[in-house]
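Colleague: 3D, please:
(one chain, ligands or ions: 1)
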Amino acid sequence: MTNTPPAAADGARPPQGLPAPDNESSTGGAGGNPIPAEGRVPPTHPHAHPPTGLDAHLIVDLKTFHLDVTLKAAPGDVVALLGPNGAGKTTALRTLAGLTPLTAGHLHLDGTPLHRTPPESRPVGVVFQDYLLFPHLTALDNVAFGPRCHGATKKEARAQATTWLTRMGLAIHTTTKPRHLSGGQAQRVALARALATNPRLLLLDEPLAALDARTRLDIRTQLRHHLAEFEAVAVLVTHDPLDAMVLADRLVVIEDGRVVQEGTPRDIARHPRTDYIAQLVGLNLYKGQADGHTVTLDAGPEIATAETLSGEAFVAFPPSAVTLHRTRPTGTSARNLWHCEVAGLETHGDQIRADLTGELPLAADLTTVAAAELDLHPGASVWATVKATQTHAYPA
Ligand SMILES: Nc1ncnc2c1ncn2[C@@H]1O[C@H](COP(=O)(O)OP(=O)(O)OP(=O)(O)O)[C@@H](O)[C@H]1O
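Modeller: Below is the predicted model:
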């Protein structure tokens, strides 16, 4: 997500258009309520309706971009919005947060229309990518800021903040200021601040993007645990398919302002329906006309499949299912054989990924030793084989 709301990096402006925080450390226990009366709502949000979750049809017209996304989620669901750059994930999240107005459509949470409620009064918690912690406030006061904005007294807010920081394993950091927190600790403080308001909708913008690889692994596990315990709706935006698969129950893939596919991580990984998703989950994907065990691609060649289908179909197989040969193989049991040319080679984990063009454009993975033995280089002519049993065909 690239265009987060006005940053509070200098502590001057709070997230989500909320009033600026009082410096709780300096005002002590006395002091008046800094929150304007019109921005005050009860600390908890009694439901006019039983909690039914999120029911949104987000239609937003920006100058050169049109978003039209339907999102539904039951309490307890964790939904990940995935999509390429510029797809509209940020716009969708900002609209859910009330930072970008709806042009049309609706936004209902637990049966209540939210789009008529100002952002600061919505039962919505947001964790921004760069956390937007107030640098001059301690971890405790940063977290207490959430409930304070939702009308809690200073004492209540601090008690809630202490509970949440303890729950996040940060009890010993209550008096620490953000600059002395590690990335992972700051992330948890930001999550505690959002959760301390008892939101009915939790929004997370690239929650792990600012962390280094090692911290990311730990925090991903912890975040998964906290999200599993969260009993309202959580929506997160991420570029990272692993984060999405680990953290979310359901993925909603957005391309060009529209939902192109949604489902469980397993469904999406097994049945990608666009090139972007196929790339994301690391599969070669083709579309064509199925007739029995053969799918004839729109572009020409045929793929032999294990499944029997008829009509429009997708066929997918992983790059690891491809075997490369420098001369046309004889006596292979693989039913698929294509003549290709190496367009490029790159390291992919501990493998070499060969990008092939020709009869069928495809990606193939092989070991470094195999790549050396085959003397692969850009422009090299190769034969690719794939067993029908390693393909997966499904209706388009
Ligand atoms: N305030 C705005 N006014 C006009 N156009 C905007 C505005 N904000 C975003 N856009 C456009 O809307 C489109 C979607 O942007 P958005 O940031 O929602 O995508 P994204 O999926 O979050 O991308 P990324 O992954 O790069 O963050 C882009 O073309 C962007 O230029």
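Colleague: For the residue nearest to G76 when sequence neighbours are not counted, which three-state class applies?
Modeller: Nearest non-adjacent residue to G76, counting by Cβ to Cβ, 6 or more residues apart in numbering: E231, 5.6 Å away. Yep, even glycine has a C-beta here, placed from its N, CA and C like the rest. Under DSSP: H, G, I helix; E, B strand; the rest coil, the three-state class of E231 is coil.
Colleague: do you know how far E231 is from V237?
Modeller: 21 Å (Cβ to Cβ, to the nearest Å).
Colleague: Likewise for M168?
Modeller: According to Cβ to Cβ, M168 and V237 sit 21 Å apart.
Colleague: higher neighbour count, those two?
Modeller: V237 (25 against 20; other Cβ atoms under 10 Å).
Colleague: Make sure that one is actually in contact with G88.
Modeller: No: here V237 does not reach G88: they are 10.2 Å apart, not a contact under Cβ atoms under 8 Å.
Colleague: can you give me the helices for the stretch 201-350 of the chain?
Modeller: 213-229, 241-247, 265-270, 275-280 (DSSP state H, counting those that start in this stretch).
Colleague: So which of these is the most surrounded?
Modeller: Most buried of those by mean neighbour count (mean count of other Cβ atoms under 10 Å) is helix 241-247; its value is a mean of 20.
Colleague: ok, now which ones touch the nearest residue to A380 once chain neighbours are set aside?
Modeller: Distances taken as Cβ to Cβ, 6+ apart place V342 nearest to A380, at 4.5 Å, with adjacent residues excluded. Residues in contact with V342 (Cβ atoms under 8 Å, 6 or more residues apart in numbering) are 354-356, 376-380, 382.
Colleague: could you give the mean pLDDT of the longest strand seen in the chain?
Modeller: Using DSSP state E to define each element, the chain has its longest strand at strand 302-317. For strand 302-317, mean pLDDT is 94.
Colleague: Can you verify H108 is assigned to a strand?
Modeller: Yes: assessed with three-state DSSP, H108 lies in a strand.
Colleague: rewinding a little: for P75, which of the helices of the stretch 201-350 of the chain is the nearest?
Modeller: Closest to P75 of these is helix 213-229 (Cβ to Cβ; 12.6 Å).
Colleague: Packing partners of the closest one?
Modeller: Helix 213-229 sits against helix 183-195, helix 241-247, with contacts defined as 3 or more Cβ pairs under 8 Å, 6 or more residues apart in numbering; DSSP states H and E.
Colleague: can I get those helices in CSV with distance to the ligand and mean pLDDT?
Modeller: Formatted as CSV, the helices and strands packed on helix 213-229 follow (distance: least, Cβ to the nearest ligand atom, whole Å; pLDDT from 0 to 100):
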stretch, distance to the ligand, mean pLDDT
helix 183-195, 19, 91
helix 241-247, 13, 87
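Colleague: And for the residue nearest to G53 when sequence neighbours are not counted, the neighbour number?
Modeller: Excluding the flanking residues, the one nearest G53 by Cβ to Cβ, 6+ apart is A74, at 4.4 Å. For A74, the neighbour count with other Cβ under 10 Å is 15.
Colleague: check contacts around A74.
Modeller: Contacts of A74 by Cβ under 8 Å, 6+ apart are 52-53, 233.
Colleague: Among these, which one has the most neighbours?
Modeller: Highest neighbour count within the contacts of A74, by other Cβ under 10 Å: V233, with 28 neighbours.
Colleague: Roughly how far does it sit from P51?
Modeller: 9 Å.
Colleague: Then A73?
Modeller: 11 Å.
Colleague: So which of those two has more stuff around it?
Modeller: Per other Cβ under 10 Å, whichever of A73 and P51 has more neighbours is A73, with 22 against 16.
Colleague: Confirm for me that the more buried one is in contact with T52.
Modeller: No: in this structure A73 lies outside contact range of T52 using Cβ under 8 Å: 10.0 Å.
Colleague: Need the phi and psi values for the residue nearest the centre of the chain.
Modeller: Residue closest to the mean C-alpha point of the chain, counted by Cα atoms, centre = their mean, is T238 at 2.8 Å. Main-chain torsions, T238, degrees, to the nearest 10: phi -150, psi 150.
Colleague: show me the contacts for the residue lying closest to it once chain neighbours are set aside.
Modeller: Once flanking residues are discounted, T238 sits nearest to A244: 5.2 Å by Cβ to Cβ, 6+ apart. By Cβ under 8 Å, 6+ apart, the contact list for A244 reads 80, 82, 236, 238, 251, 265.
Colleague: out of these, which one sits closest to Q279?
Modeller: L82 (11.6 Å).
Colleague: what number of residues lie near the closest one?
Modeller: Other residues lying near L82 total 28 when counted by other Cβ under 10 Å.
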